[in-house]
Structure formats: structure tokens, C-alpha cells
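[1] sequence plus the predicted model coming up.
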Amino acid sequence: MGERIVMVDSGTGLGLTEGQLDARSAAASLQLRRRGVRAGDSVLVCLPVGPDLLVATDAVIAAGGVVWPVPPELDAPALRRRILASRARLMISDLPHAVDAADGSRVRMVVGVADLDAPHPDA
Amino acid sequence: MPQPPRHNLPAEPNRFVGRDRDLDELCELLADTRVVTLCGVGGIGKTRLALRVAARLVPAYPAGVWLVELARIGHAEQIERELARVLGVREESGRPLLDTVAARLGDARCLLVLDNCEHLVDRCAEVSARLVAACRRLGILATSREPLRIAGELVWRVPPLDLPEPGPPRPGAPLAEAVRLFLDRAAAVGTRLGEESLADTVRLCRALDGLPLALELAAARTSMLSPGQIADRLDDRFSLLTTGGRTAPARQRTLLAAVEWSHDLLPAREQVLLRRLSVFAGAFDLDLAERVCAGPPLAPAEIVELLGGLVDKSLVQCDEDRRRYRLLETIKRFAAGRLADAGELDEVRDRHLGALCELQRGHFTTELVEPRVPWPRRLAALSAGRALVDDLRVALDWAVESRNVPLGLQLCFHSTGLLPVGGLTEIVGWAERLLALDLSGVPGWQVAQAKAYLAYGLEARDELERALRLAREAIDGLDGAGPYAMGVMHSLFVMVLLRLGRPEEALLHAQQGLELADAGDDPWNQASGLAGLSAVALVRGRLREAQRHGEEALRRAGEHGHRWIMARAATQLGAVAEARGDLMTAMSHYETAVPWLCELGSGVELARCLARGGRVAAMLHEFPAARERLGRSLALSRCTGQRQGVARCLVGLSVLAEAEGDLEGAVLTAAAAAGLREEIRQHSVSSRTEGLLARARGKLGDARTVALWARGRAMAPDEAARHVLDGAVTAGREGAAPAGDATVLPGAVPPAPQVTGAADEVLSPRAARSPSGVSAVGTVAAGMVGAVTALSAAGAGSPLTAREQEIAALLTRGLSNRAIAEELVISPATVARHIANIMDKLGHTSRAQIAVWAAEYLRVSA
């Protein structure tokens, strides 16, 4: 069960199965909660389209947050505007230009995809 | 015994405004994140936030919350020294200081707050990584403009204070953090701002980007200017600045503009004072400010008023009774830049060095040299000297940098805070650096005295041959240094030569030192010389002579009044009494010295004295007293990181165990002591150990004794110690102290009563947040027990809601979120959220764990 492919990475050609998506986003939701994401919080997601984006989005929703997507292709001023407007405390991104654009915003923590997949320290 | 402090956090200078949710989150993050770094530009409030979080977490860290202020430190290699100083760890000979610090921290739950890491960020990162790897329950909260970039670090970006929503302010809406801070600080300078100025205040807060330091500087000016006027002026300044430093990040420019603006508004004389204050490393008092900062155009008498003006404008901080002043790091950097621009840097640093020299000479003379000074005054001088340690380092640094060897050496001579008496051997490093410079213009006696101090430090590090060689080089040139220095030199010879097993030579030096001291009016060196004579006589087996000199030494020491020399004489008499076999008298001498050493705050000497007293008490069969002394001594040696002290306690415990008839414990602890001594390369198989082993073989048999010895050798020192310390709680319970006192930890480490020990594993910042920390510990522990019991009951007592149980049950069938959603006719997102909630409630970290749990406790079959 859960072997159905929900997305194929256009870069690597690797598929993400439903089971993988459920498992990864569940673990990621825990990482977000641990970093203080609460019901109703906006969470910035700035990732290229692909399995990671899907996992991040599902994780934010599962954690009770509101996804505030930011397309990584935006130029710096537009990125900055979006980030400031979100008033989000947390951003999911691995992209240096997105991290730079969060300077001086309300973003307290930037979480990379690797952090989302990291095992919980108590596990 | 009073509880030792569990933190060294300063009192907050004024009200903390806003950031409520940040505080909650950071406290929770630190529960399971080893390293959290608060990052952000200067003036954004990193330090204040860190201190606030740290203060709240004190109940969650039984081994304490310790602030290490790195802004005071100029060199990477001083980080470890400062850490050791804060933790009360003393350097061990032949072991890197950081290893001793790590051993001291061990497995204790402790939080280090490393404030202002940015200028030493690489070394901070190395030190943090090493400590976190070695100490599994240590937490680190750092503040820095740059992340440390080490594994496991969580970078937490400190945001500006919340600004009001765009648009006109809505009446009745709660005020934004930035506005609240501004109004609070304005009220502190006596300005009450009404509704009518709110729009301007909001405009000003926005212009200042919600930067707390900029807001405070602006608010301090509201007695003269309205918020609107300030906002206008700042606007002009921003337009100027943007043409200047376009490359700097926006917020850094905002802050610079605010600091510059505030500075430029100062009267010229206050500007002069502010820039000169930047030479101080740490906090300073008025006296020091007058000594260092007066000079054309400022007269000493006007410093007090100028300083008050700077405090009113929030450029200088002070404590409540206006005794200690300090500059915020950001302001200090700005002021240092101004000092350099004004071309006054060298001159003011010279004055700083000179002033410290003079101050320390005064403290040194009062503490040690001058006769007939009452002890409280001597102690005050000692404490005052110790409090200057940060500025001493900065001044010594300048002495090296400006090649001012004479002043640098003088400062070394008089800095007891850096001497072994004060607990640090740092003086060795400084003297070496100064002696490596060009010495052509330096008087010979100064070089000789520097070598003498070097020798002193080397003795404390157990480098005896080197110490002796240097002392020989020093003594011939020492005439110009005065009789006091010469007397100290002779005492050093006595100590080193006795330790090298050369009592005849030691005798000559003791006699010479005493002659010199008798000729002058120098009770310190009289007492010291007599104690030396007593020690020499003791080694030569002349007990009556040793007794006579010892008594005379104690009398002279009492006349002088310094607790260190008094304790030295008393322990000497204790040793003589022991040699005579008069244990009662020996015990009473050691006991007299204990409160004196407590007063001095000298952990290493106190530990030694307690261990001796404990051993003698054991031989007198006063078991509870022996156990108490040895337990305290062991705790102190662990706290100061002295393995030699731990080994000494183990030997004492071995004596205690044997006296109680516990041969097994006696062998175990003796073996553990031998193992530890081998580790620190201090080989000495004492005759006592050999005797003990012979007795053990007789009673327990060869095989058993050999096995016990091997077991003890492999035992951790604490484990072996506990064997004897706890063992007797069952053996002689009626007379023994309560269980809490008999554990390994009374003394400098807070005693860990059973409840805290158990609960500390589960104690989370959630508990720390509840109003009364201590009772919360019990509550949390009880709550956990409750939860566990509930979980082990079947589904009925489960913490999950009906819907969550249903979903957990479906997970055992391996269904995907989508499949569960279809089955329950809800959306997959809702399923995911339920699963996140289940994981939260049960503490699980994956869907698979929920499935396993559900299969067991909800009695569902897959």
C-alpha cells in the first residue's frame, strides 16, 4: 500500500511514492512543531517545484500552519516584499538568495530540507 | 551551609519589553537543541534576549546557568581562561585547560551563555564543538553577529521589534512592541507621551526599523525633542548616510545613524568622555573613570557630572546605585572608532595602563605588605584587585603591544588576581610574553622580579626544576625590588627545595627570609619564613622545633590577619601534630583553617585542608565528620577540575573505609586513587597502600584482593568514592547525615536531592516557565508518571481523542493518508494534522511508531 507515485522529480527522474510522502511529511511536521510552528502561523516555503516542495507543503499543513509559497524565481526586491508581507516566523528554504532576502524580516529560523528530514534528537 | 549560586546572570537594568512568544519558543528549543545561536546585527537586542532566556531557564539546569562575556576578551586563547574563571576551574599542570573544563562540566546539566562571539567566532566554534561533544548534557546559548557554523547548531535570527501595522493607528488596538519600548524608555526619562504624539512615535519607530538600541537612544532625548522632531532629524541623517555607506546592510546603517545622531547631540565634553570610556574592558567605577579619562580638556572633578549625562542619554549603562558603569558593545565599538579618529587612542591606553598599575600597587600593598591593616580592609583590596581582571588583561595586552615592559611587569607583580594565591597561573603567560620583548631599557631588578613571579607560577604548575632555575637567576638581581619581594622569593625557594627533597638548602633560605622580615616590619614574610622553618624541621624529624616554629608562625600570621597565611600556618601545625600522632590536635588545626579558606574563596586549598581533616577524623573514628569533610573536598576538587585533589580524597576515603571495617571499599578506593594518579603521571605507591594490601590479603585472601584491586583500578573515581560515601549510609545510618548530604555532591555543586535528580531528565522548559520552579519539578515528574500509567492502560485511558484513536488504528493497517481520508471521508490534510497531533501527544517521531503503539495499546490487529 502507499506505493502509488505522486510525483516524479523532473531533474533526477526519481519518483516520490504516497507512502514516502506521508512518512516524510509526518516527520517534517514534527520538526516544524519543535521549532514552534503553531496553528494559524504563516510558514514561508521557497523551494523549486519537486518532491521536497510537496513534502514541505504537506508538513506545514499537518503542523497546523498556513503555507505562504514564494517562487524562488522572483527577483530580490520581490522576494523581500513577499517575505516581509508574510510576517512569518519560519521559512523553509535551501536557497541562499532567499535566505539573504529574509534579513531583517520577522523570520527567526530558516529550515532546510535536510533539517526537515533529520531524525528527532530523542529518537 | 549556604547554597552556592546557580547562575552569574546580572540583574536587568530596566524593563524587558515584548518578545513574549520568542522567549517561550527559545526556552522550549533549548530543551532538545544543544547549541542555539542568536544572530543579528548590533543593537538588535541579542544579549538582552539571551539573558532573559537564560534567567528563565535557571530552574531547568541543576548545574547552573553561566554567562561568559566574550566582549571583554581580546584574544582567542583567553576564551578557555575566561570559561575556567567563570566556572571556578583551576588549571591542572600538564593538561590542556579546555580538557579540565570539559571534565568539570562532565555529565551535569548546565547551560553556558557565550555572549558576543563575533570577534572570536572561529575559536568559539571550536570550543563549543569540543565541549558539546564531550559533555552530553551541556547546552550552549550563544549570541553573535555570525553563526558559529558547527554541527547541531540552530541559528535563531533575532528580528527587530514588531512595528505597528501600516496605515493610521487604530484607536484601542494594542501597541506594537517597538512603540511600547519607546514609550517605556521615554517614561523612564520623565516624558509622558499622549495620544496626540502617537502618530509621530509610530513614524519614528518605523524610521528606526524597530531596532531596540536605536529606539532607546531616541527615547532618551524626548525630554528635549518631541518624537516628531527626532523623526525629522533622523530622516535628514539617513539621507546623508545612504550616500556614504551603501554597502552596509540597511539595519546596520539605521543603527549607525541613530548612534551618530545621539553622539553628535552630546556636548563636546561628553563626547570626549564617551570615546575615552571605550578603553575599559568591562564594567568600571567612577574612580577608575576619573583616573583614566580625565586629562585635557577634562578635569577629574567634572567626570562625575559628564558620566551622569551619558547615563541619562542611554549611552552608558549603570546599575541601580550608580556604582558600576558599562558601555553596550555596540556603543563601545562606535566610541572606540571616535577615540582612534581623535588620535587619542595611544594616550588613553597608556593612561589606562598607568592607572591600573597604580591601583593594583595600592591593592597589593594593602592586602599583603603593609603591617597592621585589619583583615576586612585586606579582603576588600583583594576583591577589588580580582574585580579588575578584565581590565588587567586589556592593560597587559597594551603593555605588550606598546612594548612598555616596565609598566607591564609592574602590573604583573601586583596582580594577585592572576597569581596562584588568587587561583590562576595566568601570570606565567604574561610574564613570559613581556620577558620576550626588548629588555634593554628595563631595570635589572624588574627583570629579576619578573623571573621570580614566573618561578612562582611554575611551582604552582609543578614544574619544579624550571622554577628553581629561574628563582636562582632571579635572586641575585632582586635587591632593588625591596625586602618584601625578596622574602617571598625565599619562601618560594623553601617550597620548591622541600618538594625536591633538599631540606638542607631549604633551611638556609627559610633562615635568610626570616632574618630579612625581622629586620623590616613585615609580618607576612615573618609568618611565611617561620612556617618554612617548621616545614623543614618536620622533614628532618625535629618535631618539637617544628611545633615551636609553627606556633610562632601562626601568631605572626594572626598579627598580619590575612586568611591565606593564617591557614598556611594552621595546616602546618596540623601536619606537625599528625606526625606526633596527636590526631585530636591535628583535626582541630585543620578545622580552624576551613572557615578562613572559605572566606578567601580558594577552592583548591580548601579542598586540600578538608581532605586532611577528613582523613584524620576517619582515623579518630569520627565517621560522620570524616564523611562530610571528604564529601565536600571531593565536590570541590571536581568543581575546580583538580584530579590530584580527587585522588587525595580517594585515599582519605580508603582510610575511612578501613577504619569502619570495610576492607573491600578500602581496597577499591585505594586502587582508584592509584589509577587516577597514574593518569596524571604522579607515581607514588605509598607505604600505607602496601600495608593496606597486606592486611587485605590476610583477611580476604590473595585472589580476592587482587580482583578488588583490578576492579578499583578500572572504576571511575566517582563510582569508587560513592562506594564508601554511600556505603556507610546503610552501615551507620543512625549517626550519619541525611542521605542528601552523603552523596558525592555537597559543597560547591548544588546538592542534588533525589527528586531533582530523577526529574531532571524530564524537566523541560515548560516546567521552568511555571511560576515556581522548584515545585514545578515535582509536578512535571508526577505528570509524566501519570501519562505513562495512562498509556499502559488500554485505549480507554488513552490521551487520544476518539478520532485520533481511529486514525491510529487505521495506521496499523499501513494505510496512506489518502486512503485513511477516503475511509473516514475527511481530507488528507486533516489526516496529516491528526497524525502530527498524535505524535505530539505520544512523543512519537514517525507514523510507524504510532502503528506499533496502536497495535499494542489499542488492541487492534493489523
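    Ah, there it is.

[2] so how far is chain A from B:Ala474?
    To chain A, B:Ala474 is 55 Å away according to C-beta to the nearest C-beta, to the nearest Å. Heads up, the C-betas are built off the backbone N, CA and C, glycines and all.

[3] nope, B:Arg615 is what I meant
    Distance from B:Arg615 to chain A, by C-beta to the nearest C-beta: 45 Å.

[4] count the neighbours of that residue for me.
    Counted with other C-beta atoms under 10 Å in any protein chain shown, residues neighbouring B:Arg615 total 28.

[5] residues contacting the closest residue to chain A within the stretch 301-450 of chain B?
    Using C-beta to the nearest C-beta, B:Thr330 is the residue of the stretch 301-450 of chain B that sits closest to chain A, at 16.2 Å. Neighbouring residues of B:Thr330 by C-beta atoms under 8 Å, 6 or more residues apart in numbering or on different chains: B:42-43, B:213, B:255, B:259.

[6] can you say which helix or strand has it in it?
    helix B:329-341 (DSSP states H and E).

[7] against which helices or strands is the next helix or strand after that helix packed?
    Scanning forward in sequence from helix B:329-341 by DSSP H and E, the next helix or strand is helix B:345-364. The contact analysis (3 or more C-beta pairs under 8 Å, 6 or more residues apart in numbering or on different chains; DSSP states H and E) places helix B:345-364 against helix B:286-293, helix B:329-341, helix B:375-387, helix B:389-401, helix B:405-414.

[8] quick one, the last one and helix B:345-364 angle?
    The one in question is helix B:405-414. Relative orientation of helix B:405-414 versus helix B:345-364 (axes from the mean of the first three to the mean of the last three C-alpha atoms, to 10 degrees): 30 degrees.

[9] got a list of what B:His834 touches?
    Residues counted as contacts of B:His834 (C-beta under 8 Å, 6+ apart) are B:803-804, B:807.

[10] buried ones only from these, please, as a PyMOL command.
    Selection of buried members from those for PyMOL, criterion 16 or more other C-beta atoms under 10 Å in any protein chain shown:
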select buried, chain B and resi 804+807
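
[11] now, which of the contacts of B:His834 lie within helices?
    B:803-804, B:807 (DSSP state H).

[12] pick out whichever of these sits closest to chain A.
    For the ones in helices among the contacts of B:His834, the minimum distance to chain A (C-beta to the nearest C-beta) is 11.6 Å, reached by B:Ile807.

[13] point to the helix or strand of chain B where mean pLDDT is at its lowest.
    Taking mean pLDDT, DSSP states H and E as the measure, chain B has helix B:754-759 as its least confident helix or strand, at a mean of 34.

[14] what does chain A give?
    For chain A, judged by mean pLDDT, DSSP H and E, that is strand A:5-8, with a mean of 86.

[15] quick one: that one to chain centroid distance?
    For strand A:5-8, the gap between its own C-alpha mean and the chain's C-alpha mean amounts to 18 Å (C-alpha atoms, centre = their mean, to the nearest Å).

[16] list the contacts of that strand.
    Contacts with strand A:5-8, where a contact means C-beta under 8 Å, 6+ apart, come from A:14-18, A:21, A:50-51, A:54.

[17] need the max-distance pair from those.
    Farthest apart among the contacts of strand A:5-8 by C-beta to C-beta are A:Glu18 and A:Gly50. That separation is 16.1 Å.

[18] redo the ones in helices among the contacts of B:His834 as CSV? Include distance to B:Arg15 and pLDDT.
    Output for those, formatted as CSV (distance: C-beta to C-beta, whole Å; pLDDT from 0 to 100):
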residue, distance to B:Arg15, pLDDT
B:Arg803, 45, 89
B:Glu804, 43, 90
B:Ile807, 47, 91
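
[19] let's have the residues you listed in CSV, adding distance to chain A.
    Formatted as CSV, the ones in helices among the contacts of B:His834 follow (distance: C-beta to the nearest C-beta, whole Å):
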residue, distance to chain A
B:Arg803, 15
B:Glu804, 13
B:Ile807, 12
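
[20] now do the contacts for the residue in chain A positioned nearest to chain B.
    Closest residue of chain A to chain B, C-beta to the nearest C-beta: A:Ala62 (3.5 Å). By C-beta under 8 Å, 6+ apart, A:Ala62 lies in contact with A:25-26, A:29, B:829, B:832-833, B:835-836.

[21] just the buried ones from those residues?
    A:25-26, A:29, B:832-833, B:835-836.

[22] dump the residues you listed to CSV, plus secondary structure, distance to B:Asp107 and pLDDT.
    Output for those, formatted as CSV (DSSP: H, G, I helix; E, B strand; the rest coil; distance: C-beta to C-beta, whole Å; pLDDT from 0 to 100):
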residue, secondary structure, distance to B:Asp107, pLDDT
A:Ser25, helix, 36, 94
A:Ala26, helix, 33, 93
A:Ser29, helix, 32, 95
B:Ala832, helix, 38, 91
B:Arg833, helix, 38, 91
B:Ile835, helix, 35, 91
B:Ala836, helix, 33, 90
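
[23] return the closest of those with respect to B:Leu97.
    Relative to B:Leu97, the closest of the buried ones among the contacts of A:Ala62 is A:Ser29; by C-beta to C-beta it sits at 44.0 Å.

[24] right, and B:Leu131 touches B:Ala103 too?
    No. In this structure, B:Leu131 is not within contact of B:Ala103 by C-beta atoms under 8 Å, at 10.8 Å.

[25] so where does the residue of the stretch 251-400 of chain B found nearest chain A fall, helix or strand?
    Minimum separation of the stretch 251-400 of chain B from chain A (C-beta to the nearest C-beta) falls at B:Arg251, amounting to 5.1 Å. For B:Arg251, the element it lies in under DSSP H and E is helix B:250-264.
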